[in-house]
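Undergrad: how does the following fold in three dimensions:
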Amino acid sequence: MKTIAGGVTAAKGFQAAACEAGIKYQGRMDMAMICSTVPCAVAGTFTSNQFKAAPVLWDQTILHQYGQAQAVVVNAGIANAATGVPGLDLCRQTAEAAAAALHISSSLVLLGSTGVIGPALPLDRMTAGINRMAAQLSDTTEAGTLASRAIMTTDTVNKETAVAFELPAADGRGTVTVRLGGMSKGSGMIHPNMCTMLGYLTTDCAISRPLLQKALSAVVPDTFNMISVDGDTSTNDTLLLLANGQAGNRCIQEEDGSYALFRDALFQVCRTLAVIMAGDGEGATHLIEMRVIHADTKENARQLARSVVSSSLVKAMIYGKDANCGRILCALGYAGPAFDPFSIELYMVSPDQNLCFYRDGRVQNFDEEKALALLSEHAVRFLCDLKMGDEEATAWGCDLTYDYVKINGDYRS
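TA: You can find the predicted model right below:
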């Protein structure tokens, strides 16, 4: 498996486009479109928030009733959440406009929105943007990159990645190259629960829909569900995976070696996007990584790691470059899972050294200058050894800065 250039257009048969529709922002792209040359098997996970945005409800209906899709239309600036029946009607009208422009059924159109909760989306601008994008669809790497930029809100960088790997050919003659790529957005209101912020994944792999969904559901818990910026789960969180089967591989119909390789590729793409997202939290200056090893259960490892990266005091500690390991110990202690405080060890780690903070039930004497140097890196990494079993998990977050408050203090403007 190797990382390749691109995102949603890396896989064969996928095109993308972006435009400036004037939904909320001025002078920047704010709409994106992804389209496959043929209908795709589709899988997805969505927000657990009770206030599900209209496009989330639309996409869930498409997945449950049809299980196929061919196009995705996404806008930034307005979330189409808490908009009642008019918001749902707008989804239908938007899908119909896209279907007309692409000459497909509206039941093959998925939707995504991100931005301010409450306002209504302007249908005329949405329709005009759809028509422009339909005429500009391209399978180039650049088109995919433009689409990843168009869905940004407070993000400071676009987020995309892609991989390629080999699977047995459908005709039994050797192997074929399969590609899987994706794009995502997210900077604030990030604390997923069986979902992500907005994420769109495309692959030319031939795979049954049940296994496509199984693979997606398998990788989410240790990728997107292990990041946190501010502890808020959005109303619009959506992760969609489209597979059009154009690679020419033998269709994956069972959980064999081909399925395992596909799932590994999916994990790599999702993990890369998740880590980029965590490091690009609103106002962030540091990525925080917390790895818990030798836990008794996988879920306990996840819960402990996530507790640390979600702690406001840990986040503030990283921002201030203050090696106050008591903040981390506290977050581990209230996370829920039981452990022996006299047995665990806590380290700050880097490729060159491990700095022990805690061992034998007490805070250790450590070199403050070395700690400051490690805290000054963009990625600040911690390791907790529970010495209880063989399970482990890693979570990612970011520091809490003054800019986070500034950004969210006037978000609607």
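
Undergrad: is Leu240 located within a helix, as I assumed?
TA: No. Checked against DSSP: H, G, I helix; E, B strand; the rest coil, Leu240 lies outside a helix; its state is strand.

Undergrad: torsion angles phi and psi at the residue nearest to it when sequence neighbours are not counted?
TA: Closest residue in space to Leu240, ignoring its immediate chain neighbours: Gly44 at 4.7 Å, by CB to CB, 6 or more residues apart in numbering. (C-beta placed from N, C-alpha, C; glycine too.) With angles defined as degrees, to the nearest 10, Gly44 sits at phi -160, psi 160.

Undergrad: with Val56 instead?
TA: Here Val56 shows phi and psi, under degrees, to the nearest 10, equal to phi -60, psi -50.

Undergrad: need the pLDDT of it.
TA: We note a pLDDT of 96 for Val56 in this prediction.

Undergrad: can you give me the buried ones in stretch 210-217?
TA: Buried residues in stretch 210-217, counting neighbours by 16 or more other CB atoms under 10 Å, are found at Leu211, Leu212, Gln213, Ala215, Leu216.

Undergrad: from the chain's centre, how far out does that stretch sit?
TA: Relative to its chain's centre, stretch 210-217 lies at 16 Å (CA atoms, centre = their mean, to the nearest Å).

Undergrad: who touches that stretch?
TA: Under the contact criterion CB atoms under 8 Å, 6 or more residues apart in numbering, stretch 210-217 has outside partners 41-45, 201, 207, 239, 241, 243, 252-255, 259, 262-263, 266.

Undergrad: if any of the residues you listed are buried, put those into a PyMOL selection.
TA: Remark: buried members of these, expressed as a PyMOL selection using 16+ other CB under 10 Å:
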select buried, resi 41+42+43+44+45+201+207+239+241+243+252+259+262+263+266
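
Undergrad: could I get the full set of helices for the protein?
TA: Taking DSSP state H, the helices of the chain run over residues 54-65, 84-102, 123-136, 141-150, 209-219, 257-279, 298-310, 312-319, 326-333, 368-375, 402-409.

Undergrad: quick one: mean pLDDT over the longest one.
TA: Right, the one you point to is helix 257-279. The average pLDDT within helix 257-279 is 95.

Undergrad: buried sites along that helix?
TA: So helix 257-279, judged by 16+ other CB under 10 Å, has buried residues 258-259, 261-263, 265-279.

Undergrad: low pLDDT regions in this protein?
TA: When residues are selected by pLDDT under 70, those of the chain lie in 187-190, 192-196, 230-232, 411-413.

Undergrad: mind redoing it with 80?
TA: 187-196, 229-234, 281-283, 403-413 (pLDDT under 80).

Undergrad: got the phi and psi for the residue sitting furthest away from the middle of it?
TA: Most distant from the centre of the chain: Asn365, at 38.5 Å, with distances by CA atoms, centre = their mean. Note on Asn365: backbone dihedrals following degrees, to the nearest 10 are phi -80, psi 120.

Undergrad: near Gly27, how many other residues are there?
TA: Applying other CB atoms under 10 Å, we find 7 other residues in the vicinity of Gly27.

Undergrad: please name the residues that touch it.
TA: Gly27 sits in contact with Glu20, where contact means CB under 8 Å, 6+ apart.

Undergrad: coming back round to it: tell me the contacts of the residue nearest to Leu240?
TA: By CB under 8 Å, 6+ apart, the contact set of Gly44 is Asp59, Gln60, Leu63, Gln213, Leu216, Thr238, Leu239, Leu240, Leu241.

Undergrad: of those residues, closest to Met152?
TA: Thr238 (15.4 Å; CB to CB).

Undergrad: now for that closest one, how many residues are close by?
TA: Neighbours around Thr238, by other CB under 10 Å: 28.

Undergrad: any idea how far it is from Leu198?
TA: For Thr238, the distance to Leu198 equals 6 Å [CB to CB, to the nearest Å].

Undergrad: what do the two both touch?
TA: Gly112.

Undergrad: in stretch 229-238, what's buried?
TA: For stretch 229-238, using 16+ other CB under 10 Å, the buried residues are Val229, Asp230, Thr233, Ser234, Thr235, Asn236, Asp237, Thr238.
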